[in-house]
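[1] Provide a 3D model corresponding to the input given below.
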Amino acid sequence: MKDESHIVGREDSVRELVPQLIDKRDDGANLRVISVVGEEAIGKTALVRSVYNQADIKNHFDCCAWVQVGADPNLGHLMVDLLKQLRVPELRDVELMDEKKLSGVLQGVLMECRYLIVLDDLSDLRLMDKLITVLTDSRNGSRAIVTTRNPEIPSSVDPWYSTHLKLSPLDREQSDNLLKESSWTPDAVEPVKLLHLKDWIFSKSEGSPAKILLLGGLLSATMLDERTELANLLPDRPTVRDVVELSVAKLPEQLKQCALYLSMFPKESEVPTRRLFRLWSAEDPVSSSFENPVTRVDAEKCFKDLVSRNVVHVARWKWDGSARSCRLPGMLHSVFSQMAKNERFLKIYDCTILERLSNEAKFDAPRIAVHRHISGEGEAMAQENALEVGRERSATNAQEAHMGITPAEQHQRMSTGDNSTPWGIKQLCSYVSFNTTKLGTQAREIEALLKPLVPRRDSSLLSVLDLEGVYKPMLPEELGYTLLNLKYLGLRWTLLESLPKSVVRLSCLETLDLKYTNITQLPVSIWEVESLRHLYMNEVSFDESVDPQLHAKKSLNCNIQTIWGLYVGVGSPMLNVLRKLTGLRKLALTCHPSAVREATEQISYLNMLESLRLRSKDLFGQPSDLELSDMRRLESVSNLYLLGELSMQSLSHIPPNLKVLTLSMSGLKDDFMAFLGELEWLTILRLFAYSYEGENLSVAEGTFPRLRVLKLWKLEKLTKWTVQANAMRCLEDLEIKDCTKLKTIDGLGQIETLEGITLVKVPGELMRSLGVA
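    Residues are numbered from 1 along each chain as shown. The predicted structure is shown next:
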């Protein structure tokens, strides 16, 4: 599983760039601005991202930020983006500041830290000059990286530092290595024909990594007898756009729709597959142009197909080998956005433009995405979308004027007549907002969007309403009566404090995401919404509201697969409800210490459970005792996270077939590794803060036969670790962080499979012994 820190064909450039970032010589303390220069689609962004995501780079700097500059950028917006990523405490009203005030705030923040800032796709020399004045030099080793196609940028950004990287097209050997590392699967092809296919790919790609990957993916997905015809569809020297358009043209219709849907997300953004799959699945064939319903299994298959064609890149992986997040490469995003607009598949608006549109404006696409501060091509497209709406409205006004309709009559028709609901709103099937900037002012865009539907309780075809990250959106109380087809309601990171009670009327609702909000209460009838499959909360308690009728039922919603963020207190009625949710696959529970034993007893009846996250917290929110009942009959559980103080007896009660185990605040004093080492399927073990309080850790001979990843964090008393013969023989990745007394590891050198060791805040003696210093 290779993430974005792994790159093929540019290894020499990586080796040249990394030392410039972590230069520890005296003159290396000065701020350096490093330019990476090259033509379009040559791999500048991929190279820098591969270095930016390396653990040792992240750990070397106090703070890191990445901004997509693009054509015709806005300096104020860029500075706001930087401040957001730098996680400045108590950051308020930055959107209301002018450039001078923003510059002062940003300089003050950068003065206090060693930073790494990436300015991706910068081409404006004047903007570069302004940004240079903002980048504070505290002589602490801070760095900035600029990717650009403009050859004049390097000499302008840092005239005192002449080194820059100029990327050239890949040579034959580099191109061949990249093709092998991609999803290139040429089937059973004769060596001569295989060589011919490769020659064709390399001649058309001209050393461009993007073209190599797309053409390789395209040929791999094409039948043998169709490849010759396919080869004739491209000109002798195709542009990147030519290759992208051919790749999209050859996608099956459902795959094409799924690919175009990705252009809804901001350019170069990292997209959680959790969110993407839910959005795909929520698209209803009745209310959208999707030919068939996309189930979770279908979503995963479509995603794998797009990855195999190199249309989508995996950004991060999960422990089980599935993708955690993905990214649509920038050049593909530009083409996809235009195609989606031309086909009226979706439209993208800038939030500042959308706010100026009247409620009567007609959206002529079934999907709307609202972005904040779009720059370059995206801004031009967003402006064009708004102009089109304006032209349509002007045409309507002219027609009504010709017919003698007065403004008063028009208002009356809109308010009381059959035309009370604008066409676009009723036909809209997906509304996704990325307007995440404004803090301190509640977002009213949804209230304005749904306002025409409320008076008559008109129903909408809307199946997706995703407001993740939008600050406290105003939701109408009538939400559940107007969005009868809603399947996905995403409110994660909105900081909302309450939810309309009518949400229980959403009879088609499949996903309700309230994670990282301030909502602590939900109507108890939410458990009776039979369509609900995924419920994400933030320690929501039902202790005082569970209807006695729920206890009388032998089973409740058997369709629900995910419950995340439920709180169970002492004597909670929810203890009797848990065991009735027999379809559960994922459960994240926070318990009062006195409720843990009974809760785990009820959980032990959930035979389909695959993932369990259990935390014990006292009334002050502090980790407390985890007294587990016997959960060894939960044979389907493969992922377990435990936070709270554990005894060896409780630890012996954990499910037997775990693949991933995370312990935090466990306070174990005995060497427990002998017991964990017998877990036959354990692949990932994470021992987080204070999970072990002993001084010596020993891994017995032959134990941990399948362990691939081991993380040891903040084990402050640990001084020595011993690995005996033939132990952890499959270990690939070891990370040790904040183990300030650990000085020796015996036997680690015998593990031949170990690919990477990450050490952060450990004694220099340990680093030298492992050859990392």
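[2] check contacts around residue 591.
    By C-beta atoms under 8 Å, 6 or more residues apart in numbering, the residues touching residue 591 are 567, 568, 569, 599, 614, 615, 616, 617. C-betas here are computed from N, CA, C, even on glycine.
[3] go again with 7 Å.
    Counting by C-beta atoms under 7 Å, 6 or more residues apart in numbering, residue 591 makes contact with 568, 599, 616.
[4] what about the last one, how many residues nearby?
    Each residue near residue 616 was counted by other C-beta atoms under 10 Å, and the total is 26.
[5] surely it is in contact with residue 628?
    No. With contact defined as C-beta atoms under 7 Å, residue 616 does not reach residue 628; the gap is 9.7 Å.
[6] any shared contact partners between the two?
    Common neighbours of residue 616 and residue 628, using C-beta under 7 Å, 6+ apart, are residue 596.
[7] returning to that earlier point: from the contacts of residue 591, which land in helices?
    If you go by DSSP state H, those have residue 599 in helices.
[8] may I see the contacts of residue 591 organised as TSV, with distance to residue 205 and pLDDT added?
    Converted to TSV, these look like this (distance: C-beta to C-beta, whole Å; pLDDT from 0 to 100):
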residue	distance to residue 205	pLDDT
568	57	92
599	57	95
616	56	96
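[9] where does the stretch 1-150 of the chain have low pLDDT?
    Under the criterion pLDDT under 70, the flagged ranges of the stretch 1-150 of the chain are 1-2, 26-28, 89-93.
[10] residue boundaries of the strands in it?
    Secondary structure of the stretch 1-150 of the chain (DSSP state E, counting those that start in this stretch): strands located at 32-37, 63-68, 115-120, 143-148.
[11] I figured residue 712 hits residue 734, correct?
    No. The pair residue 712 / residue 734 is not scored as a contact, 8.1 Å apart, by C-beta under 7 Å.
[12] would residue 279 count as being in a strand?
    No. Residue 279 is assigned helix when assessed by DSSP: H, G, I helix; E, B strand; the rest coil, not a strand.
[13] quick check: bridge partners of the residue lying closest to residue 85 once chain neighbours are set aside?
    Sequence neighbours aside, residue 65 is the residue nearest to residue 85 in space, at 3.9 Å (criterion: C-beta to C-beta, 6 or more residues apart in numbering). Taking DSSP bridges, one obtains residue 117 as the residues bridged to residue 65.
[14] OK, contacts around residue 65?
    82, 85, 86, 117.
[15] quick one: which of those is nearest residue 46?
    residue 117 (18.3 Å; C-beta to C-beta).
[16] can you count the residues close to the closest one?
    Counted with other C-beta under 10 Å, the burial measure for residue 117 works out to 23 neighbours.
[17] count of neighbours near residue 499?
    As a burial measure, residue 499 scores 21 neighbours (other C-beta under 10 Å).
[18] is it in contact with residue 521, as I believe?
    No. Using C-beta under 7 Å, residue 499 makes no contact with residue 521, being 8.6 Å away.
[19] now do the strands in the stretch 451-600 of the chain.
    Secondary structure of the stretch 451-600 of the chain (DSSP E, counting those that start in this stretch): strands located at 464-466, 488-490, 511-513, 534-541, 562-568, 586-591.
[20] go ahead and confirm residue 221 touches residue 309.
    Yes. Between residue 221 and residue 309 there is a contact under C-beta under 7 Å: 5.5 Å.
[21] pick out whichever of these two has more residues nearby.
    residue 309 (24 against 18).
[22] now the more buried one. Its backbone dihedrals?
    Here is the backbone geometry of residue 309 (degrees, to the nearest 10): phi -90, psi 0.
[23] return the distance of it relative to residue 259.
    Distance of residue 309 to residue 259, given as C-beta to C-beta, to the nearest Å: 9 Å.
[24] ok, now residue 640?
    Applying C-beta to C-beta, one obtains 36 Å for the distance of residue 640 from residue 259.
[25] so after the host helix or strand of residue 336, what's the next helix or strand?
    Here residue 336, judged by DSSP states H and E, is contained in helix 330-342. The first helix or strand that comes after helix 330-342 along the chain, using DSSP H and E, is strand 347-350.
[26] mind listing what that following strand pairs with, with the direction of each?
    Strands that pair with strand 347-350, judged by DSSP bridges, come out as strand 367-371 (parallel).
[27] show me what counts as buried in the strand or helix carrying residue 712.
    For residue 712, the host element (DSSP H and E) is strand 709-713. Applying a neighbour-count criterion of 16 or more other C-beta atoms under 10 Å, one finds 709, 710, 711, 712, 713 buried in strand 709-713.
[28] what of stretch 49-69?
    Neighbour-count burial for stretch 49-69 flags 49-57, 60-61, 63-69 (criterion: 16+ other C-beta under 10 Å).
[29] cool, stretch 278-285 as well?
    278, 279, 280, 281, 282, 283, 284.
[30] min pLDDT across the residues you listed, which one?
    Ranked by pLDDT, those bottom out at residue 284 (45).
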